[in-house]
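In: quick one, fold the following:
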Amino acid sequence: MTEEWRGWREAAEAALYGDGGFYRSPVRSPRGPAGHFRTSVHASPLFARAVARLLARTARELSTDSVALVDVGAGRGELLTGVLAAVPEGLEVIPYGVEVAARPPGLDPRVRWCAEVPRGVTGLLFANEWLDNVPVEVAEADGDGTPRYVQVRTSDGAERLGPPVTGADAVWLERWWPLSAPGERAEIGLPRDLAWARAAGSLAAGLAVAVDYAHVRGARPPFGTLTGFRGGREVHPVPDGSCDLTAHVALDACAAAGPGAVELTDQRTALGGLGVSGGRPPLGLAASDPAAYVSALASAGEAAELTARGGLGDFGWLLHRVGPGRG
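Out: Numbering: from 1, shown residues only. Reported below is the predicted structural model:
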């Protein structure tokens, strides 16, 4: 067993996105992310329909009938497929799937598959559970309260404390996630701030949205959130390419880094504003149209899952409006 110690950012980058890494390997992830964890996209087609409404709303705000949809961290194109099936007639959509993995077979030929976010497009950029997979350093306060980088052994996920946190990382910690008590941990979100600023800044005009597990200053988890997922189950995080590696996002820090006017909300509120409600259909419908009642009841159940407190409804939504006149 090779004892190869690295910082968590370097280790996770190689494990997730290196040659043969978790997101690149068709052997490790033949079904893509859907084979290992369930997102809102997989939970219900209502989510894609809500994004289609948001896309149409963005087009109206831009006074255009031709709009780009950029899906960052596109997986196997599930969200793009659902949105394209739901967009209103008369709206021309130019879809982009941004993903490190190869283009999935059978994807709508209109989708432009790319490894980098396209620049200069006008429309909606949507990043669903992308930022939590942008690798970051992990810090832990030592016995004197000094934040130190956590180093990890690639082979088995064992950890040890490394050198003190310095430079831009130390500045970020002090501002967004200060540590003092021995044993407290933080995920240093600076790479995510920079990644989001680049992604949102790629738009010439429009709306950039990040949806993710999130927390804000004043409610940070004291011991961090780094974990792994494999085959639909949470597992010990080991950076050997065998599992997904994820940590919740300091979404308020990302908000401060991005361009344009910003809004932070939760998924329950955001989807409610896009017509997704978990309300039960009227009982009278069961008598007048039983089939419609059953369909509406199933839809209400899916909506309830997407907006549930303590579940998907607690996901953070970060919205950046970008373009001329946006302050």
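
In: which residues of the protein score low on pLDDT?
Out: 1-3, 25-38, 43, 278-290, 292-303, 306, 313, 324-327 (pLDDT under 70).

In: and the helices in it?
Out: 8-17, 40-43, 45-62, 78-86, 167-176, 190-201, 251-257, 267-272, 284-288, 290-306 (DSSP state H).

In: and the closest residue to residue 259 other than its chain neighbours, how close does it get to residue 122?
Out: Excluding the flanking residues, the one nearest residue 259 by C-beta to C-beta, 6 or more residues apart in numbering is residue 201, at 5.1 Å. For glycine as for every other residue, the C-beta is placed from the backbone atoms N, C-alpha and C. In this view, residue 201 and residue 122 are 14 Å apart by C-beta to C-beta, to the nearest Å.

In: can you pull the contacts of residue 117?
Out: Contacts for residue 117 (C-beta atoms under 8 Å, 6 or more residues apart in numbering) come out as 70, 72, 96, 98, 125, 198, 199, 202.

In: report the contact partners of the nearest residue to residue 47 once chain neighbours are set aside.
Out: Spatial nearest neighbour of residue 47, excluding adjacent residues (C-beta to C-beta, 6+ apart): residue 40 at 4.5 Å. Applying C-beta under 8 Å, 6+ apart, we find residue 40 in contact with 47, 128, 211, 267, 306, 312, 315.

In: how about the residues you listed in TSV, adding distance to residue 157?
Out: Listed next are these as TSV, based on distance: C-beta to C-beta, whole Å:
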residue	distance to residue 157
47	32
128	27
211	28
267	30
306	32
312	28
315	26
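
In: out of these, which are buried?
Out: 47, 128, 211, 267, 306, 312, 315 (16 or more other C-beta atoms under 10 Å).

In: how close does the first one sit to residue 321?
Out: This points to residue 47. In terms of C-beta to C-beta, residue 47 sits 21 Å off from residue 321.

In: go on, the last one?
Out: The span separating residue 315 from residue 321 equals 20 Å under the rule C-beta to C-beta.

In: same question, residue 4
Out: Distance from residue 4 to residue 321, by C-beta to C-beta: 44 Å.

In: neighbour count: those two, which is higher?
Out: Between residue 4 and residue 321, residue 321 has the larger neighbour count (other C-beta atoms under 10 Å), namely 20 against 13.

In: grab the nearest non-local neighbour of that one.
Out: residue 261 (4.6 Å).

In: quick check: that neighbour touching residue 320?
Out: Yes - look at residue 261 against residue 320 with C-beta atoms under 8 Å: they come within range, at 7.2 Å.

In: state the pair within the buried ones among the contacts of residue 40 that is farthest apart.
Out: 128 and 306 (12.0 Å; C-beta to C-beta).

In: who touches both of residue 201 and residue 122?
Out: By C-beta under 8 Å, 6+ apart, no residue touches both residue 201 and residue 122.

In: measure the nearest residue to residue 196 once chain neighbours are set aside to residue 309 for me?
Out: Ranked by C-beta to C-beta, 6+ apart and with sequence neighbours excluded, the top spatial neighbour of residue 196 is residue 254, at 4.4 Å. Distance, residue 254 to residue 309, by C-beta to C-beta: 23 Å.

In: show me which of those two is the more surrounded one.
Out: A count of neighbours by other C-beta under 10 Å puts residue 254 above the other of residue 254 and residue 309, at 29 against 9.

In: give me the buried positions along stretch 124-133.
Out: Buried-residue list, stretch 124-133, by 16+ other C-beta under 10 Å: 124, 125, 126, 127, 128, 129, 130, 131, 132, 133.

In: show me where the stretch 201-327 of the chain has strands.
Out: 203-212, 214-215, 227-230, 233-235, 244-246, 249-250, 261-266, 316-322 (DSSP state E, counting those that start in this stretch).

In: out of those strands, indicate the one that is most buried.
Out: Counting by mean count of other C-beta atoms under 10 Å, strand 249-250 has the highest mean neighbour count of those, with a mean of 29.

In: now the residue nearest the centre of the chain: phi and psi?
Out: Nearest to the geometric centre of the chain sits residue 129, at 1.8 Å (C-alpha atoms, centre = their mean). The phi/psi pair for residue 129 (degrees, to the nearest 10) reads phi 50, psi 50.

In: so residue 145 makes contact with residue 178?
Out: No - when contacts are counted by C-beta under 8 Å, residue 145 is not listed as touching residue 178 (10.3 Å).

In: no further queries at this time; thank you.
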